[in-house]
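>>> Need coordinates for the following:
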Amino acid sequence: MKKSKEKPNEETKSDTGKGEFSFFDNLLERLPPLGKEALLEIVEERKKHLSTIQDKKKDDLTYTLELEKAKNSCLEEYAKILFTQYQRLSADYANFQKRIPKQIADNLAYEKEIIIKSLLPAMDNLEHTLQNTHLVENLDALVKGINIIYDQMLDILKSHGVEQIKSLGENFNPSMHEAMMQMAEPQKEDNIILQEFQKGYKLNGRVIRPAKVVVNKLTVDQIPKEEDKTNLQQQINNDEADDEFETTDSE
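Numbers count the residues shown, from 1 in each chain. Below is the predicted model of the structure:
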């Protein structure tokens, strides 16, 4: 008994087509939303065409050729979309490079304006003081007025993160102090700052100008021993106590 030839399984062919359509889906997944919309229309058109070929039961060779054509046309469109996005990105970056320097310059100008405006009240007070020097009855009143303006300027600088560097009586620190001279005072500790020629300043904790100072530099013979240091400290404390007592007594 002859076996009848089995008909090709149409469902298998259809399932294969669906599996091959995953190529187009993968292309769509690789694109961002805007690019995906542009390619989706072409992909759907190619899928519909391939499904029509399957429905008309064309031979496998015809279907394969049409499938490759569809893939090539979608790849060409995919490349065009990527190139367009690259051009747009390049243009955006070029505009960004032009825009950023201008923004930085505008920000710097704005910060300068804020600092200058904050200094103007102190300048006004100084100008007012100088214009009325002939009305001042004694020098002490003039000095007091100038000191008030000086304190006002320090407060303004502090509001911008600027602070003075402490120097007198402090240990010499090369990161904050610049030694202009060296002196030797045995009654004071070695490496202590004795005088300050010019004040130093820090901006937000960073030194913008070191203080110019005179440093106490003792020789090995001049450096006091621990016992001498204790006696010296006691003498200093006694002198301070005597000065305080005399001040109170005079009052």
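
>>> secondary structure class for the residue sitting nearest the centre point of the chain?
Using CA atoms, centre = their mean, the residue of the chain that lies closest to the mean C-alpha position is residue 104, 12.4 Å off. When classified by DSSP: H, G, I helix; E, B strand; the rest coil, residue 104 comes out as helix.

>>> And the pLDDT for it?
Residue 104 is assigned 91 on the pLDDT scale.

>>> One more: residue 14?
43.

>>> what does residue 136 give?
Predicted confidence (pLDDT) at residue 136: the value is 72.

>>> what residues go with each domain of the protein?
11-83, 163-245 (automatic domain parsing).

>>> The ones you listed: lowest mean pLDDT?
Looking at those, the bottom one is domain 11-83 with a mean of 67.

>>> could you pull out the helices for this protein?
Applying DSSP state H to the chain gives helices spanning 10-20, 22-29, 33-55, 60-131, 139-159, 226-250.

>>> Next, count neighbours for residue 167.
23 (other CB atoms under 10 Å). For glycine as for every other residue, the C-beta is placed from the backbone atoms N, C-alpha and C.

>>> Sorry, slip of the keys, the one I care about is residue 215.
Neighbourhood size, residue 215 [other CB under 10 Å]: 19.

>>> who touches it in this structure?
Going by CB atoms under 8 Å, 6 or more residues apart in numbering, residue 215 touches 172, 177, 179, 181, 182, 183, 191, 192, 193, 194.

>>> Closest one of those to residue 22?
residue 177 (73.6 Å; CB to CB).

>>> Quickly list what that closest one is bridged to.
residue 211 (DSSP bridges).

>>> Can you tell me how far it is from residue 205?
Distance of residue 177 to residue 205, computed by CB to CB, to the nearest Å: 16 Å.

>>> The two - which one has more neighbours?
Legend: neighbour count by other CB under 10 Å for residue 177 and residue 205, higher for residue 177 (22 against 7).

>>> Surely that one and residue 171 touch.
No. Applying CB atoms under 8 Å as the test, residue 177 and residue 171 come out as separate, 9.1 Å apart.
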